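1. sequence and predicted structure are below.
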Amino acid sequence: MKQKVVALLQQAVEELIEQSVLQSDWIPEISVERTRDAQHGDFASNLAMMLAKSAKTAPRQLAEAIIAALPDDVSVEKVEIAGPGFINFFVNPAAQHQIIADILRLGPSFGKSEVGAGKKVQVEFVSANPTGPLHVGHGRGAVYGSVVAELLRAVGYDVANEYYVNDAGRQMDILATSIWLRYLECCGQTIQFPSNGYRGGYVEDIARQFFDRVNQDFCFVAAEVFDGVPVDEPQGGDKEQHVDGLISKARELLGQERYTQIFQAGLTAILADIRDDLAEFGVDYQHWFFESLLVDDGSIEAALERLDKAGHLYKKEGATWFASSLLGDEKDRVVVRENGQSTYFASDIAYHMNKLDRGFERIINVWGSDHHGYVPRVRAAMTALGADADKLEVLLVQFAVLYRGAEKVPMSTRSGDFVTLRHLRDEVGVDAARFFYVLRKSDQHMDFDLKLATSQTNDNPVFYVQYAYARICSVLRQLEEKGLSRNRQQGLESLELLSTEHEVSLIGLLTQYPEVLERSALKYEPHHLVHFLRELANHFHTYYNAQQFLVDDVKLRDARINLIEAIQQCLSNGLGLLGVNSPESM
RNA sequence: GCGCCCGUAGCUCAGCUGGAUAGAGUGCGGCCCUCCGGAGGCCGAGGUCAGAGGUUCGAAUCCUCUCGGGCGCGCCA
């Protein structure tokens, strides 16, 4: 409908150009908005005000000329000039009613579109280091990323969800070493656990399972392990040097093969846990991309060579630098360290080159907003690789602060007793957790109240929306239990009977759903959809309290049943995109 | 110190490429089923859109400055 209004205005403008009232080079993009106030009709355009200056005509006068030039259309009931020069469109009720037939016909695909048809997009999200279970900080990115991907699919894009597994860095060596030390404890050794090691209980679990499998094969006495290793921080040393010393010792004593076995045991166990965790949270991936692949197949060298050939690399103080400051970054970045090791950033350059090579038209990265300083250097890398940096879209997600009522939930990651995502799911459930995470704009801080999310009262927005759905299901059950007749076709032919204030506004809302969906998708802002669903639920509850659906008048009853079925479908479609269930009873 | 983000009702937050009288939820004060699920609905009070300039027909929205808060500034990942 909105498109139709734009088209009508477009024709009017062309007509006025022909009449030389307007000139073709003045014409701005025609903007049509939903009105906020029903008194202003359904759609409004500020076109006359935009053109007034260049046409040297008063906005209201120009608006009159535009209206006079508008072609007739059956779905437009009337057009008015209002305020400083707005052109307000009132849509014919019969045209509005059509939406109910559309929804019932389209079912689950109501609201979808093809604006992204034929375009390949990648959404990379979560990508937490596989050094421990996911915590609540990852939850928001997980839900946000998966919903953005789902929204893009709904408007036609060919979307691939991807998780980048950082399995090649120093953190993984620390993990492997931590597991080994716990394993040594299983062997009966007494270990002074490094302050910089991974202390979580899951490390001990992995070590114990590993011990059960390999027995004493990896055992060494503690004295030998710690011999010659720089002292730890509590003893006045440096914790980084201490843990690095232990990593070297692990490699040396175990040899490459056994070290790799421990390393793989840790990676496999934790990754399996992350996969299960995400799957249970309704988050699925098409690809799990391993950083180690880039190391092993020479991609990093290839990427650096490409940058070097294009003249973006130089050597200084024994290291190799990427001249990113010439491409918008704050300073140049090291890609190969003095010791010959490539940096994490070098992997990331190779990774993004790989993404580009896979032919995605748009590359979306969902990152924690604490990484925002990292964006310019990746964009610089894209440019230096010869790609259009605008293909890259980095969506930043702020951490949520957890509360239980008024009380803040402590979240220390140091001690390993942080609140895990699994814990959150257990406490509030998948539906509430997902809904809450996308309730707010993603790049804003948010307070997540666990108590509110689990409350079974009207202040909980998840239950509020789900309840609207369940209520409709209940009415439909009543229809059957009471043995009332129901004729969908007759209902569709009687839609003009839906004329109360509540019905008109509900139908108006339903017509907005496809627009809301498209906007949420294209702007990567799921919260618009969430707000829409709350509003739809609210209007339904009001309607429910004001009017009886199962009335004696058969035609009216059929029409109303069609309306609430359309609402039911729309709620379920929207909740489905959010990964939230639509329960038939609660 | 430099860079990015943010500041809207008591609290949590919306506010689409600048548009009409700035909106929800919660909390607070009233009220509403002989009826399809009261996990609901209605009404009311509550605002210097942090502050000050500027841009224009029009600014919560764009520009500049000030104040207040968050984050980032490794040859870590």
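-> Structure's in. What do you need? Numbers count the residues shown, from 1 in each chain, chains lettered A, B, ... in the order given.
2. contacting residues for the closest residue to RNA strand B within the stretch 101-250 of chain A?
-> Closest residue of the stretch 101-250 of chain A to RNA strand B, CB to the nearest atom of the strand: A:Gly169 (2.7 Å). In short, each C-beta sits where N, CA and C put it, glycine included. A:Gly169 makes contact with A:Asn129, A:Glu291, A:Tyr344 under the criterion CB atoms under 8 Å, 6 or more residues apart in numbering.
3. same thing but 7 Å
-> For A:Gly169, the contact set (CB atoms under 7 Å, 6 or more residues apart in numbering) comprises A:Tyr344.
4. where exactly do the strands run in the stretch 151-300 of chain A?
-> For the stretch 151-300 of chain A, applying DSSP state E, counting those that start in this stretch gives strands covering A:158-165, A:287-290.
5. so which of those comes closest to A:Ala468?
-> Among the strands of the stretch 151-300 of chain A, strand A:158-165 comes nearest to A:Ala468, with 28.9 Å by CB to CB.
6. quick one: average pLDDT of that closest one?
-> For strand A:158-165, the mean per-residue pLDDT is 97.
7. pull the residues that contact it.
-> Contacts for strand A:158-165 (CB under 7 Å, 6+ apart): A:119-124, A:126-127, A:130, A:146, A:149, A:152-153, A:271, A:284-291, A:351.
8. what of stretch A:288-302?
-> With contacts defined as CB under 7 Å, 6+ apart, stretch A:288-302 is touched by A:162-168, A:342, A:346-347, A:350-351, A:354.
9. buried sites along stretch A:184-201?
-> Judged by neighbour count (16 or more other CB atoms under 10 Å), stretch A:184-201 contains these buried residues: A:Leu184, A:Glu185, A:Cys186, A:Cys187, A:Gln189, A:Ile191, A:Pro194, A:Asn196, A:Gly197, A:Tyr198, A:Arg199, A:Gly200.
10. contacting residues around the third one?
-> The neighbours of A:Cys186, taking CB under 7 Å, 6+ apart as the test, are A:Ala207, A:Arg208, A:Phe211.
11. where are the low-confidence patches of chain A?
-> In the predicted model, chain A carries pLDDT under 70 at residues A:412-418, A:457-458.
12. which helix runs longest in it?
-> Taking DSSP state H as the criterion, chain A has its longest helix at helix A:239-280.
13. which helices and strands sit right next to that one?
-> helix A:170-186, helix A:201-214, helix A:421-428 (3 or more CB pairs under 7 Å, 6 or more residues apart in numbering; DSSP states H and E).
14. the inter-axis angle of it versus helix A:421-428?
-> 50 degrees (axes from the mean of the first three to the mean of the last three CA atoms, to 10 degrees).
15. buried deepest among the helices and strands packed on helix A:239-280, which one?
-> Across those, averaging neighbours per residue (mean count of other CB atoms under 10 Å) puts helix A:170-186 on top, at a mean of 22.
16. quick check: angle from that helix to strand A:158-165?
-> Going by the same axes, to 10 degrees, helix A:170-186 makes 50 degrees with strand A:158-165.
17. got the angle between helix A:170-186 and helix A:201-214?
-> Calculated by the same axes, to 10 degrees, helix A:170-186 forms an angle of 60 degrees with helix A:201-214.
18. picking that back up, out of the strands of the stretch 151-300 of chain A, which one sits most buried?
-> Comparing these by mean neighbour count (mean count of other CB under 10 Å), strand A:158-165 comes out on top with a mean of 21.
19. where do the helices of the stretch 1-150 of chain A begin and end?
-> Using DSSP state H, counting those that start in this stretch, the helices of the stretch 1-150 of chain A run over residues A:2-18, A:47-55, A:59-69, A:93-106, A:136-154.
20. mean neighbour count added to the ones you listed, as a markdown table?
-> Shown next, in a markdown table, are the helices of the stretch 1-150 of chain A (neighbours: other CB atoms under 10 Å):
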| stretch | mean neighbour count |
| --- | --- |
| helix A:2-18 | 17 |
| helix A:47-55 | 19 |
| helix A:59-69 | 19 |
| helix A:93-106 | 18 |
| helix A:136-154 | 25 |
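21. output the ones you listed as TSV; include the columns distance to A:Gln444.
-> Formatted as TSV, the helices of the stretch 1-150 of chain A follow (distance: least, CB to CB, whole Å):
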stretch	distance to A:Gln444
helix A:2-18	28
helix A:47-55	31
helix A:59-69	36
helix A:93-106	32
helix A:136-154	11
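22. possible to save these as CSV with distance to RNA strand B?
-> Shown next, in CSV, are these (distance: least, CB to the nearest atom of the strand, whole Å):
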stretch, distance to RNA strand B
helix A:2-18, 10
helix A:47-55, 4
helix A:59-69, 7
helix A:93-106, 18
helix A:136-154, 12
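23. which one of those helices lies closest to A:Tyr469?
-> With CB to CB as the measure, helix A:93-106 is the member of the helices of the stretch 1-150 of chain A nearest A:Tyr469 (14.3 Å).
24. quick one, domains of chain A?
-> Domain ranges of chain A: A:2-91, A:170-280, A:461-578, per automatic domain parsing.
25. check the offset of the shortest one from the chain's centre.
-> Centre-to-centre, domain A:2-91 and its host chain are 36 Å apart (CA atoms, centre = their mean, to the nearest Å).
26. again with the second one
-> Relative to its parent chain, domain A:170-280 has a centroid offset of 35 Å by CA atoms, centre = their mean.
27. same check on stretch A:357-376?
-> Its chain's average C-alpha position is 13 Å from that of stretch A:357-376, according to CA atoms, centre = their mean.
28. may I see the buried residues of that stretch?
-> A:Phe360, A:Arg362, A:Ile363, A:Ile364, A:Asn365, A:Val366, A:Trp367, A:Gly368, A:Ser369, A:Tyr374, A:Val375, A:Pro376.
29. restricted to strands, list those.
-> Per DSSP state E, strands hold the following members of the buried residues of stretch A:357-376: A:Arg362, A:Ile363, A:Ile364, A:Asn365, A:Val366, A:Trp367, A:Gly368.
30. does the fourth one touch A:Leu396 like I think?
-> No - counting by CB atoms under 7 Å, no contact exists between A:Asn365 and A:Leu396, whose distance comes to 9.4 Å.
31. close to RNA strand B, is stretch A:534-543?
-> Yes - using CB under 7 Å from any atom of the strand as the criterion, contacts between stretch A:534-543 and RNA strand B involve A:Arg534, A:Asn538, A:His541, A:Thr542.
32. quick one: contacts for the third one?
-> The neighbours of A:His541, taking CB under 7 Å, 6+ apart as the test, are A:Ala468.
33. now the helix or strand encompassing it - C-alpha only, PDB.
-> A:His541 belongs to helix A:526-546 when assigned by DSSP states H and E. In PDB, the C-alpha atoms belonging to helix A:526-546 read as follows (Å, rounded to 0.1, in the frame of the first residue of the first chain):
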ATOM      1  CA  PRO A 526      15.100  -6.800  15.500                       C
ATOM      2  CA  HIS A 527      13.700  -4.600  18.300                       C
ATOM      3  CA  HIS A 528      11.300  -3.000  15.800                       C
ATOM      4  CA  LEU A 529       9.700  -6.300  15.300                       C
ATOM      5  CA  VAL A 530       9.600  -7.000  19.000                       C
ATOM      6  CA  HIS A 531       7.800  -3.700  19.600                       C
ATOM      7  CA  PHE A 532       5.400  -4.400  16.800                       C
ATOM      8  CA  LEU A 533       4.400  -7.700  18.400                       C
ATOM      9  CA  ARG A 534       3.800  -6.100  21.700                       C
ATOM     10  CA  GLU A 535       1.600  -3.500  20.100                       C
ATOM     11  CA  LEU A 536      -0.300  -6.100  18.100                       C
ATOM     12  CA  ALA A 537      -0.800  -8.200  21.300                       C
ATOM     13  CA  ASN A 538      -1.900  -5.100  23.100                       C
ATOM     14  CA  HIS A 539      -4.500  -4.200  20.500                       C
ATOM     15  CA  PHE A 540      -5.700  -7.700  20.500                       C
ATOM     16  CA  HIS A 541      -6.100  -7.800  24.300                       C
ATOM     17  CA  THR A 542      -8.100  -4.600  24.200                       C
ATOM     18  CA  TYR A 543     -10.300  -6.000  21.500                       C
ATOM     19  CA  TYR A 544     -10.800  -9.100  23.500                       C
ATOM     20  CA  ASN A 545     -12.000  -7.200  26.500                       C
ATOM     21  CA  ALA A 546     -14.200  -4.900  24.500                       C
END
